[in-house]
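Undergrad: Below: sequence and its predicted model.
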Amino acid sequence: GDSVTQKEGLVTLTEGLPVMLNCTYQTIYSNAFLFWYVHYLNESPRLLLKSSTDNKRTEHQGFHATLHKSSSSFHLQKSSAQLSDSALYYCALSDPAQGLTFGLGTRVSVFP
Amino acid sequence: GPKVLQIPSHQIIDMGQMVTLNCDPVSNHLYFYWYKQILGQQMEFLVNFYNGKVMEKSKLFKDQFSVERPDGSYFTLKIQPTALEDSAVYFCASSMTAEVFFGKGTRLTVV
């Protein structure tokens, strides 16, 4: 079945530094979408980014990601982390059958 | 933005009893989901529901689990009987297209 791998469980960094969260996936569906969801404590997980076409960059709220089907990746990046970016980030794969398959999540902690 | 409401936010129940988790999805959405998250682990798909029927369910969706949305009201997850390993946060979600909207979750503790 589908799977999503996020190799970093925890990322800690200083405010103002760049951040990159890795996401790779496996699926049999050639038209699957990839997503990044952000989950703040005591809130609902919410959509941060949705993949576009192959090799096209998508951006939202300072974050960006590019779907690369050749490497099955959809890494999340931001050029300058802010304290408010501290949260849990999930990479997710959507297939036509069962909706979203999530990775384990990466906890990001940004310090002053 | 669109909101999915889950009631209650916390529930404690004795093992073997029945529990119903309620979800009020986004009003014009057609697809509904339940996900389970055990403390410290990822969110895992349980079931999705469309047009009054279960479309897909995972191996986590045991025989003791059932879902329904009677008369377009709450989308419910019922567990009967509950077991200790059912303790988790259960997230409801709904969608119209590929974007899925989540509730804040119901923390279920089975004692």
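TA: Now that the structure is in, tell me what you want to look at. This is a predicted model, so every value here is computed, not measured.
Undergrad: Which residues of chain B lie near chain A?
TA: B:3-4, B:31, B:33, B:35, B:41-45, B:48, B:55-56, B:58, B:91, B:93, B:95, B:98-105 (Cβ under 8 Å from any Cβ of the partner chain). From N, CA and C alone the C-beta is placed, and that goes for glycine too.
Undergrad: Would you mind listing which of the residues you listed are buried?
TA: Buried residues within the residues of chain B next to chain A, counting neighbours by 16 or more other Cβ atoms under 10 Å in any protein chain shown: B:4, B:31, B:33, B:35, B:42-45, B:48, B:56, B:58, B:91, B:93, B:95, B:98, B:100-105.
Undergrad: Among those, which lie within strands?
TA: Members of those lying in strands (criterion: DSSP state E): B:31, B:33, B:35, B:43-45, B:48, B:56, B:91, B:93, B:95, B:100-102.
Undergrad: What residues sit buried inside the helix or strand of chain A with the lowest mean pLDDT?
TA: Least confident element among the helices and strands of chain A, by mean pLDDT, DSSP states H and E: strand A:99-102 (a mean of 81). Using 16+ other Cβ under 10 Å as the test for burial, strand A:99-102 gives A:99-102.
Undergrad: Outside of it itself, list whatever touches it.
TA: A:1-4, A:35, A:37, A:90-95, B:31, B:33, B:35, B:42-45, B:48, B:56, B:93, B:95, B:100 (Cβ atoms under 8 Å, 6 or more residues apart in numbering or on different chains).
Undergrad: for B:Tyr90, what are its contacts?
TA: B:Tyr90 sits in contact with B:6, B:21, B:34-37, B:46, B:77, B:105-106, B:108, where contact means Cβ under 8 Å, 6+ apart.
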